[in-house]
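In: sequence unknown, structure follows:
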């Protein structure tokens, strides 16, 4: 077992995740795909989407809430449109299948769209689109998640926190990557406040009656406040229609939780759109780079994605800091 104060190498983290999942009724191929994604989340500094997901993922695979042996399938409906069925398995093998198809199709068609249905938690949205940008394609991702936000003025949670991400390749340097969720704060911050007994700032959430609350327990029983108030809820609606209305996946209010092993498969949806930056005849990567330079040359400004990219380089070289209790828990899964 890793000793306190140590960091783990990327290879060790990957092997740890694979072992826990394979002991939890998951095929080696699917376990490796999930491990790739969770490792990428750790390297991006998004620890809530990394190792901390392993116990829940393993528990869901063990009871069949997620099918650890699912093999995703792709059906091409138009020259530039395909639907991937994740088959109630983990999202990541389905995302890889969509990636590969988009990378083949975009150079020929210029633009392509892949929907994913009967899916699961897709992790760090920015990582998914950035991987396409590193292949020279600009990309957008829309993903719906279990219900946590109400339509503006309402009380019933119909929308998830529904991330949106975009990444654009530059003529030189790492891509520009935008990654936002549509709640004002992450639900994990409210869960942490509830565990510690601390109040939350007003404006983060509403109680079950739709009233603003500073009580984290009341907030968890209610709904999240959207980013940008009413504007955030209409963007969340857009994501719902793009991810579930378009693909046949479950709307957020129809999904079970990503955070426990109760109930049936969540059946979430994702939609990926990729396009060639030279789509209109000019070198889009050079124009993207011109705007990126202006931001970088602006005092006090930071180009979206740069902090995460810098962290990835550092953690890849120096190892990933780990929570030792969590490591012990993961090592014990399935034994």
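Out: That came through fine. Please read all numbers here as calculations on a predicted model, not as lab measurements. Residues are numbered from 1 along each chain as shown.
In: Tell me which stretches of the stretch 201-335 of the chain form strands.
Out: 205-206, 223-224, 268-275, 320-321 (DSSP state E, counting those that start in this stretch).
In: Nearest to residue 31 among the ones you listed would be which one?
Out: strand 320-321 (18.4 Å; Cβ to Cβ). For glycine as for every other residue, the C-beta is placed from the backbone atoms N, C-alpha and C.
In: Model confidence score at residue 282, please.
Out: Per-residue confidence (pLDDT) for residue 282: 90.
In: what are the phi and psi values for it?
Out: Per-residue torsions, residue 282: phi -100, psi 170 (degrees, to the nearest 10).
In: Tell me how far it lies from residue 81.
Out: Remark: distance between residue 282 and residue 81 (Cβ to Cβ, to the nearest Å) = 25 Å.
In: try residue 108
Out: 13 Å.
In: returning to what we had before: can you pick out the residue with more neighbours from residue 282 and residue 81?
Out: It is residue 81, of residue 282 and residue 81, that has more neighbours when counted by other Cβ atoms under 10 Å, with 15 against 10.
In: how about the more buried one, what does it touch?
Out: 112-115 (Cβ atoms under 8 Å, 6 or more residues apart in numbering).
In: Which of those fall in strands?
Out: Among the contacts of residue 81, the members falling in strands (DSSP state E) are 112-115.
In: Report the contact partners of residue 113.
Out: Applying Cβ under 8 Å, 6+ apart, the residues contacting residue 113 are 80-82, 271-274.
In: Show me which of the residues you listed is closest to residue 136.
Out: residue 274 (10.0 Å).
In: Is there a neighbour count for the closest one? I'd like the number.
Out: Residues near residue 274, counting by other Cβ under 10 Å: 28.
In: ok, it touching residue 133?
Out: No. Using Cβ atoms under 8 Å, residue 274 is not in contact with residue 133, being 9.1 Å away.
In: Find residues that contact each of those two.
Out: By Cβ under 8 Å, 6+ apart, the residues touching both residue 274 and residue 133 are residue 139.
In: Kindly indicate which of the contacts of residue 81 lies nearest residue 12.
Out: Out of those, the member with the shortest distance to residue 12 (by Cβ to Cβ) is residue 114, at 32.6 Å.
In: partner residues bridging the closest one?
Out: residue 82, residue 272 (DSSP bridges).
In: That one and residue 86 touch, don't they?
Out: No. The criterion here is Cβ under 8 Å, and residue 114 misses it with residue 86 at 11.6 Å.
In: Perfect, I'm done here.
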